[in-house]
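Novice: mind looking at a prediction? Sequence and model below.
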Amino acid sequence: MKNNFLFLLLVVQLSFAQHKTTTIYFIRHAEKVDSSKNPDLSSVGLERAAHWGKIFSETTFDAIYSTDFKRTQQTAAPTAENKKLDITLYDAKSLDFDKFKTDNLGKTILVVGHSNTISDFVNKLINQNVYAAIEDTTFGNLYIVTLNGDLVTHLLLKSL
C-alpha cells in the first residue's frame, strides 16, 4: 500500500512538473505627443512609461516585446533598461500565437501594444473573446495572462 501511495505521489509530481508556467503582462503604449502615424510619447507619456518601470521593478522578465512604433518602444524602454533587456519587436498583424506561446514557454514577459491590438492578443491567448478594444483615453490598464498546460488564467487591472 505504501509503495502504491509513493508511486501515485511521484506521478502527480511529474505531471505538474511537466507544465511550465508562462506569465505575460500586457500594457498599452503611454500617451503620445500627437496623432501622427509614428509619434513620440508626450511628457505625460514619458512619465507614465517611467511609472511602469517602477511598477515592474520587482518583476523578473525574461523578455520584453513591443510593436515597431516609437510610442510602444518608448513605453517599454524604462522597464527594459531597468532589467537590462533588449526590446524584441513583433508585428501584431502577422503574429503566430502558437509559436509565440511555444517560444515563451515558462517565461515571464512584457508585451507593449496598442488600443486595438492588446485586447485581441489577450483574447487569442486565452481562446475567449473577453476583452474589448481599449478606449482611446485609457493608458493605464494592465492585463495579466498565466498559462500552465491547459490551465489559463487572466486578469485585467484598471487604473483610475
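Specialist: Perfect, I can see it now. Numbers count the residues shown, from 1 in each chain.
Novice: okay, CA-based contacts and neighbour counts for the rest of this
Specialist: OK.
Novice: quick one: Leu46 and Ala30 touch, right?
Specialist: Yes: in this structure, Leu46 is within contact of Ala30 by C-alpha atoms under 8 Å, at 7.3 Å.
Novice: so what sits against both of these two?
Specialist: Counting by C-alpha atoms under 8 Å, 6 or more residues apart in numbering, the shared contacts of Leu46 and Ala30 are Thr75.
Novice: the more surrounded of those two?
Specialist: Ala30 (29 against 21; other C-alpha atoms under 10 Å).
Novice: what helices and strands are in contact with the one helix or strand Ile24 maps to?
Specialist: Here Ile24, judged by DSSP states H and E, is contained in strand 21-28. Applying 3 or more C-alpha pairs under 8 Å, 6 or more residues apart in numbering; DSSP states H and E, we find strand 21-28 packed against strand 108-113, helix 118-126, strand 142-148.
Novice: would you mind listing the buried residues in the helix or strand that comes right after that strand?
Specialist: Sequence-wise, the next helix or strand downstream of strand 21-28 (DSSP H and E) is helix 43-55. Using 16 or more other C-alpha atoms under 10 Å as the test for burial, helix 43-55 gives 45-46, 48-50, 52-53.
Novice: distance between stretch 88-96 and the chain's centre?
Specialist: How far stretch 88-96 lies from its chain's middle: 13 Å, per C-alpha atoms, centre = their mean, to the nearest Å.
Novice: quick revisit: run the angle between the strand holding Ile24 and strand 142-148 for me.
Specialist: Strand 21-28 and strand 142-148 are oriented at 160 degrees to each other (axes from the mean of the first three to the mean of the last three C-alpha atoms, to 10 degrees).
Novice: what residues of strand 21-28 count as buried?
Specialist: Neighbour counts over strand 21-28 (16+ other C-alpha under 10 Å) mark 21-28 as buried.
Novice: dump that strand to CSV, keeping only the CA atoms.
Specialist: Extracted in CSV, the C-alpha atoms of strand 21-28 (Å, rounded to 0.1, in the frame of the first residue of the first chain):
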residue,chain,number,x,y,z
THR,A,21,4.1,28.4,-16.1
THR,A,22,4.2,31.3,-18.6
THR,A,23,3.2,34.8,-17.3
ILE,A,24,2.5,37.6,-19.8
TYR,A,25,1.9,41.2,-18.8
PHE,A,26,0.3,43.4,-21.4
ILE,A,27,0.1,47.2,-21.4
ARG,A,28,-0.8,49.8,-24.0
